[in-house]
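**Q** Generate a structure from the sequence data that follows.
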Amino acid sequence: SVLRNYFHDLPSSSISMGGNDHLIASNITARVVLESEDQGGIDTFGNPFYQGNRVIHNVWRDIGCVSSGFAVNFGKAGVRLDDQISGFYIYGNRFDNCSRGKFGGVQIHGGRDNDVVNNVFTRCKWAVSFSPWPMNRWHQFWYPKCKSPESVNVFSDIWKKRYGDLMRLKDMPNVNRITRNVVIGAEALTNGRCKGEAVLTGNFELPAGVPLDYSKLPGFDPLPP
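**A** Numbering: from 1, shown residues only. Coordinates of the predicted model:
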C-alpha cells in the first residue's frame, strides 16, 4: 500500500507500479511529470493480469504543468493505464488541472474492466481519455502474456476465485465503466474515442465556476475534505 504521502515537483511519475492488489490511497500529488511525457502521476503498463488495484481518495493537482516549458506531443494524466492495463478501481479522487495534450485526468490505453467512479475533475480538458486498441493488437499482446513461461497461471482455480474468469479479457478490449463522476469546466466528459464500448452513466457535467454542492448531486458520495 502507498498511503498518506505528498509527492511533488518530480520530472517523471510519482508512482510507477505493476502487480496485483495494491492500494494507493489518501496521497497528494502535485507538479509531477514535469519533464517526461506519455505518462501519468501513477503510471502502469503492459499486463492485463494486473488485477485488484485500487486508487482511492487521492488528490492529483497540476500534473505536467505547462510552466515546465517542455513540449507535450502525446499527453500527461493524473492516472495513466497504458497498454492493456485492466481491472483498476479509481474511486473518490480529486483531479485538478491533470489533462495535458491528448490525455484526460485519467487515460486508458486499450484496457478493459476499469472502473472510474465517484471522482471530481476540475480544470481538465477531459475527465477520461481513451486510446482504443483493435482486437488484433489486443490478441498480439494478450496471448504471449498468459502463455509465457514466467507468467502465473491466471486460469487456475485460485485466480478464478480471487479475480473471476479472466478468460473474458480475450473477448474485447476497451470495455470500461465511467460512472457517477463530477466534471466541472471540461470540454467534455471524454475525448470521444471510446467507440461505444465504455459504459458512461450517471455523470455530472457542470460549467466552470460552479461551487461543488453535494446536495445537488444525487447518488454522488461526498469526498473527504
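**Q** Starting from the lowest-mean-pLDDT helix or strand in the chain, tell me the next helix or strand along the chain.
**A** Scoring the helices and strands of the chain by mean pLDDT, DSSP states H and E places helix 135-147 at the bottom, with a mean of 72. Once helix 135-147 ends, the next helix or strand along the chain (criterion: DSSP states H and E) is helix 157-163.
**Q** For residue 132, which non-adjacent residue is spatially closest?
**A** residue 174 (4.5 Å; Cβ to Cβ, 6 or more residues apart in numbering). Quick note: C-beta positions are derived from backbone N, CA and C, even for glycine.
**Q** For burial, what's the neighbour tally of that neighbour?
**A** 23 (other Cβ atoms under 10 Å).
**Q** Next: residue 50.
**A** Residue 50: 22 surrounding residues under other Cβ under 10 Å.
**Q** do the same with residue 46
**A** 12.
**Q** Now do the contacts for it.
**A** By Cβ atoms under 8 Å, 6 or more residues apart in numbering, residue 46 lies in contact with 18, 82-85, 141.
**Q** from these, which is closest to residue 214?
**A** The shortest approach to residue 214 among the contacts of residue 46 belongs to residue 85, at 30.4 Å (Cβ to Cβ).
**Q** OK, contacts around that closest one?
**A** 44-48, 50, 108-109, 111, 114.
**Q** Contacts for stretch 30-41 next, please.
**A** By Cβ under 8 Å, 6+ apart, the surrounding residues in contact with stretch 30-41 are 6-15, 29, 59-65, 68, 70-80, 98, 100-101, 103, 107.
**Q** Which pLDDT value belongs to the residue nearest to residue 132?
**A** Note on residue 174: pLDDT of 86.
**Q** A helix includes it, no?
**A** No: counting by DSSP: H, G, I helix; E, B strand; the rest coil, one finds residue 174 to be coil, located in no helix.
**Q** That one contacts residue 198, doesn't it?
**A** Yes: judged on Cβ atoms under 8 Å, residue 174 makes contact with residue 198 at a distance of 7.1 Å.
**Q** who touches both of the two?
**A** residue 130.
**Q** Where does the nearest residue to residue 75 once chain neighbours are set aside sit: helix, strand or coil?
**A** Leaving aside its chain neighbours, residue 75 sits nearest to residue 103 (3.0 Å; criterion: Cβ to Cβ, 6+ apart). The assignment at residue 103 comes out as coil when based on three-state DSSP.
**Q** No further questions, thank you.
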